[in-house]
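Asks: Structural data only, the sequence is not supplied:
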């Protein structure tokens with residue numbers, strides 16, 4: 001029996017979902033470029049001339065930045081490995097294929113996505129409530145089950161649940177929306193929840209009259225979610241309240257050098273170090289035209305690559321023993337604010353103190369020319385897919401994913417985490433496959 005391109009695509013998507021939504025996702029960092037290439041073949045993707053020309057220019061500028069900064073070419077190679085495949089996968093356009101005619105690929109794959117994620121959520125609930133020993137483990141990180149503890153654990157599972165919940169909200173499947181929303185809340189990822197709410201607000205509040213029913217459902221679910229957090233982990237609310245209060249301290253008493261000195265002396269910093277990091281990044285980018293235009297060195301500032309290779313932050317023994325690469329900018333601006341010795345001190349850990357931001361890493365490491373173009377074309381790629389539907393079908397949901405990834409990139413280094421960015425871009429490309437193959441006749 002001959003397997004059609006569509007059948008092969010569905011089977012491959014399910015395989016990716018099984019890997020990405022289970023403890024096997026740790027292999028994604030090695031597999032995802034190959035998986036992206038296979039999908040590009042199945043979806044018949046081709047890189048357009050504009051993207052190809054930019055890619056050549058991007059690589060030239062990235063190499064030039066590394067060379068001028070002191071020859072951090074290994075950092076460059078690792079950084080490109082982490083961020084380029086997802087960019088190319090997104091920018092490569094789907095070309096029509098008669099093999100995709102018939103039942104929409106997007107909705108069918110989203111149903112498989114929801115089914116697999118629901119099973120993972122049930123396993124996470126059982127694990128967190130009946131298996132994990134909260135006296136030994138951190139309860140806030142217990143909502144994992146089949147998803148496993150690797151990487152950010154329950155935090156990335158929370159982001160995936162919250163992101164998928166909007167697919168059902170957009171289709172007015174409110175019970176399914178509530179299930180995935182509450183599953184996302186059970187991850188107790190305060191920053192992720194705030195990012196989710198901000199993304200929904202940007203999407204819907206600009207059209208408040210059109211979506212008043214949706215907003216009413218969101219309000220009701222918000223009260224239910226607040227009740228869930230109060231019931232299962234009231235400390236999480238206190239944690240969020242404390243973070244907001246400490247962030248406001250920057251308007252009362254703040255001095256960059258003073259905060260850096262506190263960190264260097266391993267003292268408790270009341271003002272979130274993320275804000276100090278943003279201040280330092282702004283000073284770094286305006287320090288010289290070279291920093292602004294070409295960056296301080298790809299993979300050498302605050303990216304996941306920089307922390308992989310700095311000889312301190314990762315827990316992998318091979319990396320710790322074989323790589324101790326720090327650019328001057330990383331040593332001066334980033335390392336004092338986030339290192340193992342500092343975060344092991346009480347009250348010095350948490351997302352509020354992490355120097356992570358994909359926007360900052362791309363712009364500061366690659367410069368405004370290459371990095372700015374990279375980010376612009378990335379989000380224009382998502383916008384293009386949404387506009388293909390002219391306001392119908394999944395257009396609204398694809399717009400949400402664009403906003404969601406935008407805010408995630410502002411607050412964390414998720415561009416370099418394939419279990420987040422690759423998974424959501426897979427959804428975007430599935431929508432593009434249907435749009436590109438609209439009205440294509442059967443073979």
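Replies: Perfect, thanks for sending it. Please read these numbers as outputs of a predicted model, since none were measured by experiment. Residues are numbered from 1 along each chain as shown.
Asks: where does this protein dip in pLDDT?
Replies: 1, 102-103, 133-140, 206-253, 347-348, 439-443 (pLDDT under 70).
Asks: Strands along that one, start to end?
Replies: Secondary structure of the chain (DSSP state E): strands located at 45-46, 93-94.
Asks: Quick check: which of the ones you listed has the most neighbours on average?
Replies: Among those, strand 93-94 has the highest mean neighbour count (mean count of other CB atoms under 10 Å), at a mean of 20. Every C-beta, even on glycine, is put in place using the N, C-alpha and C of the backbone.
Asks: Partner strands of that one and their direction?
Replies: strand 45-46 (antiparallel) (DSSP bridges).
Asks: What's the end-to-end length of stretch 262-273?
Replies: Terminal residues of stretch 262-273 lie 10 Å apart, using CA to CA, to the nearest Å.
Asks: ok now it, how far from the chain's centre?
Replies: Computed by CA atoms, centre = their mean, to the nearest Å, the chain-centroid distance of stretch 262-273 equals 27 Å.
Asks: nearest to residue 406, of the strands of the chain?
Replies: strand 93-94 (21.2 Å; CB to CB).
Asks: Show residues contacting that closest one.
Replies: With contact meaning CB atoms under 8 Å, 6 or more residues apart in numbering, strand 93-94 is reached by 43, 44, 45, 46, 47, 48, 429, 432, 433, 435, 436, 437.
Asks: Name the nearest residue to the second one, ignoring sequence neighbours.
Replies: The shortest distance from residue 44 to any residue that is not its chain neighbour, by CB to CB, 6 or more residues apart in numbering, is 4.6 Å, and that residue is residue 95.
Asks: in terms of contact, does that neighbour touch residue 433 like I think?
Replies: No - assessed by CB atoms under 8 Å, residue 95 is found out of contact with residue 433, at 10.1 Å.
Asks: More neighbours: which of the two?
Replies: residue 433 (24 against 11; other CB atoms under 10 Å).
Asks: Quick one: residues contacting that one.
Replies: Residue 433 is in contact with 9, 43, 94, 100, 105, 106, counting by CB under 8 Å, 6+ apart.
Asks: As TSV, the strands of the chain with distance to residue 350 would be great.
Replies: Converted to TSV, the strands of the chain look like this (distance: least, CB to CB, whole Å):
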stretch	distance to residue 350
strand 45-46	40
strand 93-94	41
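Asks: closest to residue 331 out of those?
Replies: That would be strand 45-46 among the strands of the chain, by CB to CB, at 40.4 Å.
Asks: from the chain's centre, how far out does the closest one sit?
Replies: 24 Å.
Asks: Can you give me the neighbour number for the spatially closest residue to residue 291 that is not a sequence neighbour?
Replies: Of all residues beyond its chain neighbours, the one nearest residue 291 is residue 285 (5.5 Å), with distances taken as CB to CB, 6+ apart. Applying other CB under 10 Å, we find 19 residues neighbouring residue 285.
Asks: From residue 3, how far out is residue 285?
Replies: Taking CB to CB, to the nearest Å as the measure, residue 285 falls 51 Å from residue 3.
Asks: How about residue 278?
Replies: 51 Å.
Asks: So these two - more neighbours on which side?
Replies: residue 278 (16 against 8).
Asks: is it true that that one touches residue 360?
Replies: Yes - counting by CB under 8 Å, residue 278 does reach residue 360; the two are 7.2 Å apart.
Asks: Touching both of these two, which residues are there?
Replies: Counting by CB under 8 Å, 6+ apart, nothing touches both residue 278 and residue 360.
Asks: in terms of contact, does the residue nearest to residue 291 touch residue 364 like I think?
Replies: Yes - judged on CB under 8 Å, residue 285 makes contact with residue 364 at a distance of 6.0 Å.
Asks: anything in contact with each of the two?
Replies: residue 291.
Asks: Report how many residues lie close to residue 414.
Replies: 24.
Asks: Please report how far it lies from residue 86.
Replies: Separation of residue 414 from residue 86 (CB to CB): 11 Å.
Asks: Now for the two: what residues contact both?
Replies: residue 421.
Asks: Relative to residue 353, how far out is the residue nearest to residue 291?
Replies: Taking CB to CB, one finds residue 285 at 21 Å from residue 353.
Asks: Over to residue 148?
Replies: Applying CB to CB to residue 148 and residue 353 gives a distance of 25 Å.
Asks: Comparing the two, which shows the higher neighbour count?
Replies: residue 353 (23 against 17).
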